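[1] Return atomic coordinates for the entry below.
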Amino acid sequence: MKRRDFNALVALTSLGLATRSASAGSEAEKRLTVVALVHPGMILLDLVGPLTCFNMMMADVHLAWKTMDPVRTDSGVTVAPTTTFAECPPEADVLFVPGGLSGTTAMMEDDDVVGFVRSRGTRSGWVTSVCTGSLLLGAAGLLKGKRATSHWYTRDLLALFGATPTKARVVADGNVITGGGVTAGIDFGLTLAARLRGEDTAKFIQLLLEYDPQPPFHAGSPEEAGQALATSVLARRAPALEAAKAAARRVAAKI
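    Numbering: from 1, shown residues only. Prediction:
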């Protein structure tokens, strides 16, 4: 990207938000339509990381839930839906599903939620998720024959839905893009930005966010953390993981 183009992008943004493709010259970009499911028990960061990237891609984001009542997230912070399932746009450029282990487990067996995800997924240009949100995509029958990822401790469950579990931070297969656990949301958002707005814009967003990960510890994956720490995490989450496994098996048997 030329310095002149970079400066132009900054000048055209609000609070630094990229509102058009870095490679688009003077042509205005079409606004994107994003439908993002919000649900009780979801991980707030699963939503906020990608949402930040969506906004920088010049998108109209619809936060959809059954009602307009505030949705309580894992951190206790509530998120206000902007639309109900009934009033949400029937088609979208992007369907996005955030995760959250307990929330996802409950949602997999909620017919209204699964039906909504299925209906929007079959009419969206891109079908996407972060963390355990991919389990909901699987429950809706949207991952059959696809490579996909999830949080490391639920990734293998994707096979129950006809997907091929893939150990990667972000996995793209056709129009399906899935991200790993929680913090992979920004990696996912930048990957999608490159697909929809071009690599220059994705790099612009990355710099704007100062996304330059330098973790204080190398313990962000089971491989780096080591068996003892991974075993400890699995032990502490065992009841929730067993519940998720049981729900996934019940749902998969019905598909």
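
[2] contacts, neighbours, all on C-alpha from now
    Noted.

[3] following the lowest-mean-pLDDT helix or strand in the chain, which helix or strand shows up next?
    Least confident helix or strand, the chain: helix 3-11 with a mean of 43, by mean pLDDT, DSSP states H and E. Downstream of helix 3-11, the first helix or strand assigned by DSSP states H and E is strand 32-37.

[4] Distance check, the residue nearest to residue 255 when sequence neighbours are not counted against residue 250.
    Nearest non-adjacent residue to residue 255, counting by CA to CA, 6 or more residues apart in numbering: residue 141, 7.1 Å away. Shown here: residue 141 relative to residue 250, a distance of 14 Å by CA to CA, to the nearest Å.

[5] pretty sure residue 46 contacts residue 132?
    No: counting by CA atoms under 8 Å, residue 46 sits too far from residue 132 to count as a contact (9.4 Å).

[6] can you pull the pLDDT of the residue lying closest to residue 191 once chain neighbours are set aside?
    Closest residue in space to residue 191, ignoring its immediate chain neighbours: residue 202 at 7.4 Å, by CA to CA, 6+ apart. If you check residue 202, the pLDDT there is 98.

[7] Equivalent analysis for residue 30, please.
    Per-residue pLDDT puts residue 30 at 89.

[8] What count of nearby residues applies to it?
    By the criterion of other CA atoms under 10 Å, residue 30 has 12 neighbours.

[9] What are the phi and psi values at it?
    Dihedral pair for residue 30: phi -70, psi 130, per degrees, to the nearest 10.

[10] Same check on residue 247?
    Dihedral angles (degrees, to the nearest 10) for residue 247: phi -60, psi -40.

[11] Just say helix, strand or coil for residue 231.
    The assignment at residue 231 comes out as helix when based on DSSP: H, G, I helix; E, B strand; the rest coil.

[12] need the contact list for it.
    Residues in contact with residue 231 (CA atoms under 8 Å, 6 or more residues apart in numbering): none are found.

[13] Please enumerate the strands of this protein.
    For the chain, the strands defined by DSSP state E cover 32-37, 59-65, 71-72, 78-79, 83-84, 92-97, 124-130, 147-148, 164-165, 170-173, 176-179.

[14] List the contacts of the fifth one.
    Spelled out, that is strand 83-84. So strand 83-84 is contacted by 62-68 (CA under 8 Å, 6+ apart).

[15] Just checking: what are the partner strands of it?
    strand 59-65 (parallel) (DSSP bridges).

[16] average pLDDT for the partner strand?
    For strand 59-65, the mean pLDDT works out to 98.

[17] Over to stretch 38-48?
    Computed over stretch 38-48, the mean pLDDT rounds to 97.

[18] now do the same end-to-end measure for it.
    End-to-end distance of stretch 38-48: 11 Å, with CA to CA as the criterion.

[19] Now that stretch: buried residues?
    Using 16 or more other CA atoms under 10 Å as the test for burial, stretch 38-48 gives 38-47.

[20] Dump the strands of the chain into a markdown table; add mean neighbour count and distance to residue 240 as well.
    Formatted as a markdown table, those follow (neighbours: other CA atoms under 10 Å; distance: least, CA to CA, whole Å):
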| stretch | mean neighbour count | distance to residue 240 |
| --- | --- | --- |
| strand 32-37 | 23 | 21 |
| strand 59-65 | 21 | 23 |
| strand 71-72 | 18 | 18 |
| strand 78-79 | 16 | 22 |
| strand 83-84 | 18 | 28 |
| strand 92-97 | 25 | 20 |
| strand 124-130 | 26 | 18 |
| strand 147-148 | 26 | 21 |
| strand 164-165 | 20 | 20 |
| strand 170-173 | 19 | 24 |
| strand 176-179 | 26 | 21 |
